[in-house]
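Asker: Have a look at this prediction, sequence included:
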Amino acid sequence: MKQEVYAAQLKAEQERGRLLARRYNQVSALRLVCFLLVLFCLCLAWFGGQAWGYAPAAALAAAFLGLMACHRRVALKQAYCAARRQVLQGLLACFDSSWHGFSEDGTAFLNEKAPRLEDLDVFGPRSLYQYLCAAGTPMGKRLLAEWLSSDPPEADELRARQKAVEELVEKAGFSLELRTLLHLLRNGNADLAAQEDFLQKAVQPGPPPSAASRVLMWGLPALTWVLLGLSLAGLIPALVSAAFLLLQLGLTLFSYTRHTGALSPLFSIERDLTEYEALFVLLEKTEFHSALLAGHRAHIAAGAASGLKKLRTIGAAVRLRHNPVAYAVAASLLLWDHHCAAAFARWKQTYGASLRGWFEAVACLEACVSLQLPALVRENVCFPEIVDTDEPLFRAEGMRHPLLAETDAVPNDAGLAHGTVIITGSNMSGKTTFLRTIGLNMVLAYAGAPVCAAGLALSRMKLFTSMRVEDDVSRGISTFYAELLRIRAMVAYQKERKPMMALIDEIFKGTNSADRIVGATAAVKRLSSSWCLTLVSTHDFELCALESDPVIRARNFHFEESYQGDRICFDYRIKDGRCRTANARHLLRLVGILQDQPGQEGTG
């Protein structure tokens with residue numbers, strides 16, 4: 001149902017794009033005709049001696065300027081329409097695996113001190129961040145990454161995020177418009193370093209222009225204009241006005257480096273100010289009920305849009321520096337840099353202290369609108385219940401893997417409390433995917449997002465993982481030792497007596513079976529406590545005997561397969577008890593490594 005809605009909206013935007021393209025071409029043609037007519041009238045008046053030609057030339061020149069403004073407006077509408085189409089295409093891509101090609105994958109946010117981020121595919125290619133991210137600003141991308149990678153926040157903050165995301169889910173039209181503006185910002189050139197540089201320098205207003213400088217800024221250009229008028233009227237020699245023009249140009253060149261330093265914060269962010277202003281206008285006219293969004297909206301409404309509009313005007317004036325001819329004329333006639341620097345200094349004095357708060361408000365909105373994605377593209381989602389308890393709790397119904405297409409992901413239930421869960425099963429039966437399903441839904445829940453389940457209740461607990469464990473030759477660390485370091489970190493945290501969950505895939509797979517069973521048994525016993533919930537997947541059925549240990553509080557679950565001829569069939573459903581089947585020999589036979597012995601054909 002949701003997919004059809006987005007497809008219909010995309011079709012409407014494609015038609016709108018064709019109409020805008022036609023209008024753009026029409027205005028372009030009118031501009032060209034108008035320009036040619038201006039030239040014709042001027043030639044008629046100048047060379048043909050027809051003085052009346054100046055009047056239509058002036059009128060046509062005014063029309064040409066109007067068409068230029070119209071042309072720009074149509075171009076902006078085209079850019080917005082194109083961004084909206086790309087947003088809708090992105091939403092449609094999230095219904096299957098097409099989202100794997102999204103450009104923002106968050107690889108830069110991977111942290112070797114938090115291995116769960118790679119184990120659970122939080123960042124990197126085909127990751128949760130790549131799937132979710134709708135942020136367009138550097139600060140928004142960073143905040144989303146922080147929410148996805150940090151430990152569970154305080155309960156009040158977590159519920160505030162949930163309410164904000166839930167409200168955005170309900171405001172479908174607003175969210176789509178917001179995603180479109182953020183997509184336009186994403187196409188800008190500003191990076192986090194440039195944005196931080198701008199924010200730091202914007203709160204440093206500096207000394208205002210002195211009285212002598214103000215007299216120079218206004219008096220010298222005024223005098224130059226008067227002298228220029230007198231020269232054109234033939235009342236004074238032209239050299240006098242030319243000297244004053246050169247004087248202003250010389251003063252501009254003399255202070256060029258100083259003004260470049262003063263205006264440099266605008267150079268990297270000026271192109272994005274139009275989209276920021278549009279974001280602020282959108283926020284100002286939208287009412288919110290959730291405390292988080294309402295607070296940010298109140299901060300924005302206190303002059304952000306008007307402040308950005310003034311800054312955009314200053315930025316457009318500064319951009320004249322990129323046109324050498326126009327810049328030289330403006331500098332000679334108006335002391336252009338002096339006025340730009342003074343205007344920017346006044347702006348910083350008035351708005352500089354508020355600027356970071358405005359950008360942080362936008363960043364929070366970006367993170368929230370990114371987190372709403374599961375509710376936009378999935379039918380089976382819910383906002384989890386955060387249970388206030390000091391014991392680990394994870395109770396899910398119809399839980400699916402967030403990064404698998406909903407039609408392909410098999411739902412599973414889980415009712416877990418403190419203790420150990422031993423999960424056995426054949427190769428490819430779903431053990432690792434089940435662990436990642438739990439971990440990723442916990443990441444979503446603690447960020448404030450809806451989760452991929454019919455229902456989920458969980459407590460706040462620190463999450464540990466040991467899945468993609470690799471050796472490190474440069475540091476002399478084997479796979480087994482690397483996993484030992486992961487388990488040691490879990491055991492060390494367990495001593496703090498704080499709620500935690502540990503997801504361990506194929507425990508101690510880097511050593512022989514005898515040592516693996518001894519080590520795994522010891523690790524499970526060390527992690528057994530009333531504040532620790534441990535899930536261990538393994539091929540070692542000997543670990544299933546831990547269920548009989550009265551101290552450990554262990555339970556067995558398993559995945560199984562069935563056979564249809566040479567095919568292995570999996571249902572990917574978790575079941576009580578230990579696994580009774582194995583498929584390794586069957587797989588070896590399928591690829592031709594293991595040969596059937598007489599009388600053993602068809603066994604598996």
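Answerer: Received it, and whenever you're ready, just let me know what you need.

Asker: What is the neighbour count of the nearest residue to Ser528 once chain neighbours are set aside?
Answerer: Counting by C-beta to C-beta, 6 or more residues apart in numbering, Ser528 lies nearest to Ile552, which is 4.7 Å off, once chain neighbours are set aside. Where C-beta positions appear, they are placed from N, C-alpha and C, glycine not excepted. Ile552 has 18 neighbours, counted by other C-beta atoms under 10 Å.

Asker: What's the separation between Ile552 and Gln494?
Answerer: Between Ile552 and Gln494 the distance is 14 Å, computed by C-beta to C-beta, to the nearest Å.

Asker: now do Thr465
Answerer: Per C-beta to C-beta, Thr465 is found 15 Å from Gln494.

Asker: More neighbours: which of these two?
Answerer: Using other C-beta under 10 Å as the criterion, Thr465 and Gln494 rank with Thr465 on top: 24 against 19.

Asker: quick one: that one is in a strand?
Answerer: Yes. Secondary structure of Thr465 (DSSP: H, G, I helix; E, B strand; the rest coil): part of a strand.

Asker: Report the contact partners of it.
Answerer: Thr465 is in contact with Pro115, Arg116, Asp119, Leu120, Leu435, Gly439, Arg486, Ala502, Leu503, Ile504, Asp505, counting by C-beta atoms under 8 Å, 6 or more residues apart in numbering.

Asker: Ser354 sits in which helix or strand?
Answerer: Per DSSP states H and E: Ser354 is located in helix 336-371.

Asker: That helix: what's the following helix or strand?
Answerer: As assigned by DSSP H and E, the chain's next helix or strand after helix 336-371 is helix 373-377.

Asker: Is the residue nearest to Ser528 part of a helix or strand, or is it coil?
Answerer: coil.

Asker: So for the helix holding Ser354, what gets flagged as buried?
Answerer: For helix 336-371, burial by neighbour count (16 or more other C-beta atoms under 10 Å) applies to 336-345, 347-348, 351-352, 354-356, 358-371.

Asker: Ok, stretch 508-515 next?
Answerer: Judged by neighbour count using 16+ other C-beta under 10 Å, the buried positions of stretch 508-515 are Phe508, Lys509, Gly510, Thr511.

Asker: what's the burial count for Val377?
Answerer: For Val377, the neighbour count with other C-beta under 10 Å is 21.

Asker: any idea whether the residue nearest the centre of the chain is helix, strand or coil?
Answerer: Ranked by distance to the mean C-alpha position of the chain (C-alpha atoms, centre = their mean), the top residue is Ala135 at 3.0 Å. Assigned with three-state DSSP, Ala135 falls in the coil class.

Asker: Let me know the pLDDT of it.
Answerer: Looking at Ala135, its pLDDT is 93.

Asker: how about the strands of the protein, start to end?
Answerer: Along the chain, counting by DSSP state E, strands occupy 385-387, 393-399, 412-417, 419-424, 455-459, 462-466, 500-504, 532-538, 554-558, 561-564, 567-570, 575-576.

Asker: okay, these in a markdown table with mean pLDDT and distance to Gln89 next?
Answerer: What follows is the strands of the chain, written out as a markdown table (pLDDT from 0 to 100; distance: least, C-beta to C-beta, whole Å):
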| stretch | mean pLDDT | distance to Gln89 |
| --- | --- | --- |
| strand 385-387 | 95 | 34 |
| strand 393-399 | 97 | 29 |
| strand 412-417 | 94 | 31 |
| strand 419-424 | 94 | 38 |
| strand 455-459 | 97 | 30 |
| strand 462-466 | 96 | 33 |
| strand 500-504 | 96 | 34 |
| strand 532-538 | 95 | 37 |
| strand 554-558 | 94 | 40 |
| strand 561-564 | 78 | 38 |
| strand 567-570 | 80 | 33 |
| strand 575-576 | 93 | 40 |
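
Asker: do you know which of the ones you listed lies nearest Asn111?
Answerer: strand 462-466 (13.1 Å; C-beta to C-beta).

Asker: Now Met68: closest residue in space, sequence neighbours ignored.
Answerer: Nearest non-adjacent residue to Met68, counting by C-beta to C-beta, 6+ apart: Arg31, 6.7 Å away.

Asker: any idea which of the contacts of Thr465 is closest to Ala75?
Answerer: Using C-beta to C-beta, Leu120 is the member of those that sits closest to Ala75, with 43.0 Å.

Asker: what sits against the closest one?
Answerer: Leu128, Arg436, Gly439, Leu440, Val443, Thr465, Met467.

Asker: wait, the last one sits on Val122?
Answerer: No. Counting by C-beta atoms under 8 Å, Met467 does not reach Val122; the two are 12.0 Å apart.

Asker: And these two? Which one has more around it.
Answerer: Taking Met467 and Val122 together and counting by other C-beta under 10 Å, Val122 has the greater number of neighbours (25 against 21).

Asker: Okay, and the beta partners of Ile504?
Answerer: Beta bridges link Ile504 to Ser466, Val536 when assigned by DSSP bridges.

Asker: Pass me the low-pLDDT residue ranges in the stretch 251-400 of the chain, would you?
Answerer: In the predicted model of the stretch 251-400 of the chain, no residue satisfies pLDDT under 70.

Asker: roughly how far is stretch 566-576 from the heart of the chain?
Answerer: Computed by C-alpha atoms, centre = their mean, to the nearest Å, the separation of stretch 566-576 from the middle of its chain amounts to 37 Å.

Asker: May I see the buried residues of that stretch?
Answerer: Quick answer for stretch 566-576 (16+ other C-beta under 10 Å): Ile568, Phe570, Tyr572, Ile574.

Asker: residue contacts, Ala69?
Answerer: Ala69 neighbours (C-beta under 8 Å, 6+ apart): none.

Asker: Same question for Glu277.
Answerer: Neighbouring residues of Glu277 by C-beta under 8 Å, 6+ apart: Ala305, Leu308, Lys309, Arg312.

Asker: Equivalent analysis for Ser370, please.
Answerer: By C-beta under 8 Å, 6+ apart, the contact list for Ser370 reads Leu132, Cys133, Ala134, Ala135, Gly140, Leu144.

Asker: Could you do Val387 as well?
Answerer: Leu393, Ala457, Leu458, Ser459.

Asker: try 10 Å this time
Answerer: Residues in contact with Val387 (C-beta atoms under 10 Å, 6 or more residues apart in numbering) are Ala155, Leu393, Phe394, Arg395, Ala457, Leu458, Ser459, Arg460.
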